[in-house]
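Novice: Below: sequence and its predicted model.
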Amino acid sequence: MQIGRWNHQETGGSDYRPATGGTETFPSRRPQVGGSFDSGRPRRGGRGGFDRRSPSRPGYSGAQGRPRRKTGVGAFGETETEISKFVNRAVVTTEEEPAFMPEHAFADFPVDPRLKKNIETKGYALPSPIQDKAIPHVLTGRDVVGLAETGTGKTAAFLIPLIDKVVKHMALGERERVLIMAPTRELAVQIERELAGFAQGLGFRGMVAVGGANINPQIVALRNDPSFVIGTPGRLKDLMERKVLSLAGFHSVVLDEADRMLDMGFIDDMRFILSKMPKERHTLFFSATMSREIEKLIGEFLIDPTIISVKTRDTSKNIDQDVVRIPRGADKLDVLVDLLQDRDFSKVLVFGRTKYGVEKLAKALSRKHIYAESIHGDKTYRARIKALEAFKRGEVTVLVATDVAARGLDIPAVSHVINYDLPSTYEDYVHRIGRTGRASLKGKALTFVQG
């Protein structure tokens, strides 16, 4: 498959009260599987049109092409060895694969009956692998390290047992408070929404503390002593330094997408926050990758943890991965526009590396009558959530984003992920493309490669 060888939530419940706080012409044919695509313009020494070369020949979009040199821009995918990691066919089987058979059903877990009812109302019957293996250990109070691919249900794996813990302490007239750290505002909001559904009618509060939003409503919400505080490390530290958030009464903590928090430079804030919590605490650590740095953090933050890994491969078997070769001097925007005009590209997440580049690209697409929204760090919190919700609802077909959108977000039915700019690392690539091919759905990931 050589694509593109161009020449030129509404939250809450009755008792749960969240407080968050020139015109271009294109050929009529689209890029096809098994062919190479030209803009139709003549090139020196040849002619435009489809290239029917075999995938085994040097012109193929996989790893067999000519050697490439590093350009020094610090991206992953600048050598043919690295580019080969962007090419992988979705698994196609002639026989139905055996379904995962959990050891438990949600109805079997020893949790409060009201919580069980909420789980049932949300449509949960059988747990996912990470839920099936992690929930029993969390219920017993063990520190847990959960390693699982993105989109496997990690949020419910820690929320369900921790909600039960809070409810049981309330029944005894005691107080249990939970701190959840997440790398991005969007993920924190998503966790709070999941919490709201599971905790409806249980009589306690939760709140979100994130940067980019007005801090004053968050301060007001903290005065109500919410049982769950979900936030990004920087804003949590800010609230602590203002002395409006004390962690002395928090005996449970979750570090969600810990590898991403490490990548984003939050390690000092994480250490500061955990140092202000009781030494005897219940710590849950969830990550999609395991590196030396992550192993070091586990040894530093957790005590004799149970390590649960349900990772089988870096990327989902449901994702068809390929590259789009862009010859020198060609216009990447023209290539992208032509791809997006194909009806199969129904819900597309496009990744860029910089905030300025992402905003510029979204506006350029809109000028070409492809309505696109953008999310990046320079947008206000409200604007980012508005753009994300519009994309989720299908009001826009293209969302252009920096890597802030690559981790933890549950965006249903994304048909394609396009890496318009190369990711910084392979781990970033894995998380970018993890937005498609989720659950049992098939997805496609395309990476633009220059030269």
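Specialist: All right, it came through fine. These figures come from a predicted structure and were not determined experimentally.
Novice: Which stretches in this structure count as helices?
Specialist: Counting by DSSP state H, one finds helices in the chain at the ranges 80-83, 113-121, 129-139, 154-171, 185-198, 215-222, 233-241, 258-263, 267-275, 292-301, 332-340, 355-367, 381-392, 426-433.
Novice: Of all the ones you listed, which one comes closest to H251?
Specialist: Each of the helices of the chain has some distance to H251 by C-beta to C-beta; the shortest is helix 154-171, at 9.2 Å. Bear in mind the C-beta positions are built from the backbone N, C-alpha and C, glycine included.
Novice: would a markdown table of the helices of the chain with distance to E373 and mean pLDDT be doable?
Specialist: Formatted as a markdown table, the helices of the chain follow (distance: least, C-beta to C-beta, whole Å; pLDDT from 0 to 100):
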| stretch | distance to E373 | mean pLDDT |
| --- | --- | --- |
| helix 80-83 | 29 | 77 |
| helix 113-121 | 31 | 96 |
| helix 129-139 | 31 | 95 |
| helix 154-171 | 24 | 96 |
| helix 185-198 | 13 | 93 |
| helix 215-222 | 25 | 96 |
| helix 233-241 | 24 | 96 |
| helix 258-263 | 22 | 84 |
| helix 267-275 | 29 | 93 |
| helix 292-301 | 33 | 86 |
| helix 332-340 | 14 | 93 |
| helix 355-367 | 6 | 94 |
| helix 381-392 | 4 | 87 |
| helix 426-433 | 17 | 82 |
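Novice: wait, which of those helices is closest to N318?
Specialist: Of all those, it is helix 426-433 that lies closest to N318, at 10.5 Å by C-beta to C-beta.
Novice: Please identify the buried residues of the closest one?
Specialist: Within helix 426-433, the residues that qualify as buried by neighbour count (16 or more other C-beta atoms under 10 Å) are E427, D428, Y429, V430, H431, R432, I433.
Novice: Which member of the residues you listed is positioned nearest T289?
Specialist: For the buried residues of helix 426-433, the residue nearest T289 by C-beta to C-beta is E427; the value is 5.4 Å.
Novice: Leaving out chain neighbours, which residue sits closest to the closest one?
Specialist: For E427, ignoring the flanking residues on the chain, the nearest one in space by C-beta to C-beta, 6 or more residues apart in numbering is T289 at 5.4 Å.
Novice: Neighbours of that neighbour, how many?
Specialist: 21 (other C-beta atoms under 10 Å).
Novice: That one and D259 touch, don't they?
Specialist: Yes. Counting by C-beta atoms under 8 Å, a contact exists between T289 and D259, whose distance comes to 4.8 Å.
Novice: Please enumerate the shared neighbours of the two.
Specialist: A shared contact of T289 and D259, defined by C-beta atoms under 8 Å, 6 or more residues apart in numbering, is any residue touching both; here these are E427.
Novice: Please tabulate the helices of the chain in TSV, including the columns distance to V323.
Specialist: Converted to TSV, these look like this (distance: least, C-beta to C-beta, whole Å):
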stretch	distance to V323
helix 80-83	6
helix 113-121	42
helix 129-139	31
helix 154-171	30
helix 185-198	28
helix 215-222	43
helix 233-241	35
helix 258-263	24
helix 267-275	33
helix 292-301	29
helix 332-340	12
helix 355-367	19
helix 381-392	24
helix 426-433	11
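Novice: mind checking which of those helices is nearest A105?
Specialist: Proximity to A105 (C-beta to C-beta) singles out helix 129-139 among the helices of the chain, at 9.3 Å.
Novice: So what touches the closest one?
Specialist: 100, 102-104, 109-111, 126-127, 144, 146, 148, 152-154, 156-158, 160-162, 164-165, 282, 284, 306, 308, 310.
Novice: Which among the residues you listed count as buried?
Specialist: Buried members of the contacts of helix 129-139, counted by 16+ other C-beta under 10 Å: 102, 109, 111, 127, 144, 146, 148, 152-154, 156-158, 160-162, 164-165, 282, 284, 306, 308, 310.
Novice: Could you list the domains of the protein?
Specialist: 1-8+22-91+317-451, 106-309 (automatic domain parsing).
Novice: From start to finish, how long is the last one in a straight line?
Specialist: To tie it back to what came earlier, the one meant is domain 106-309. The first and final residues of domain 106-309 sit 20 Å from each other (C-alpha to C-alpha, to the nearest Å).
Novice: how about stretch 380-398: buried residues?
Specialist: With burial defined by 16+ other C-beta under 10 Å, the residues of stretch 380-398 counted as buried are Y381, R384, I385, A387, L388, F391, K392, V396, T397, V398.
Novice: what separates that stretch from the chain centre, distance-wise?
Specialist: Here stretch 380-398 is found 15 Å from its chain centre; the criterion is C-alpha atoms, centre = their mean, to the nearest Å.
Novice: what comes into contact with that stretch?
Specialist: 9, 185-186, 189, 210-213, 340, 345-350, 362, 365, 370-376, 379, 399, 405, 409, 411-412.
Novice: List the ones among those that fall in strands.
Specialist: Among these, the subset assigned to strands under DSSP state E consists of V348, L349, V350, A372, E373, S374, I375, L399.
Novice: Which of the residues you listed sits closest to D263?
Specialist: Distance from D263 was checked for each of the ones in strands among the contacts of stretch 380-398 by C-beta to C-beta. The minimum falls on I375, at 17.9 Å.
Novice: about what we covered before: just the buried ones among the contacts of stretch 380-398, please.
Specialist: For the contacts of stretch 380-398, buried by 16+ other C-beta under 10 Å: 185-186, 189, 210-213, 340, 345, 347-350, 362, 365, 370, 372-376, 379, 399, 405, 409, 411.
Novice: For the buried residues of stretch 380-398, work out which two are farthest apart.
Specialist: Put simply, by C-beta to C-beta the two of the buried residues of stretch 380-398 set farthest apart are Y381 and T397, 23.6 Å from each other.
Novice: Of the buried residues of stretch 380-398, which is the nearest to P226?
Specialist: Taking C-beta to C-beta as the measure, P226 sits nearest to Y381 out of the buried residues of stretch 380-398, at 18.8 Å.
Novice: And that closest one, how close does it get to D269?
Specialist: With distances defined as C-beta to C-beta, to the nearest Å, the gap from Y381 to D269 amounts to 19 Å.
Novice: tally of neighbours for V208?
Specialist: Using other C-beta under 10 Å, V208 has 30 neighbouring residues.
Novice: and it, bridged to which residues?
Specialist: Applying DSSP bridges to V208 gives these bridge partners: I230.
Novice: And it, what's its pLDDT?
Specialist: Predicted confidence (pLDDT) at V208: the value is 97.
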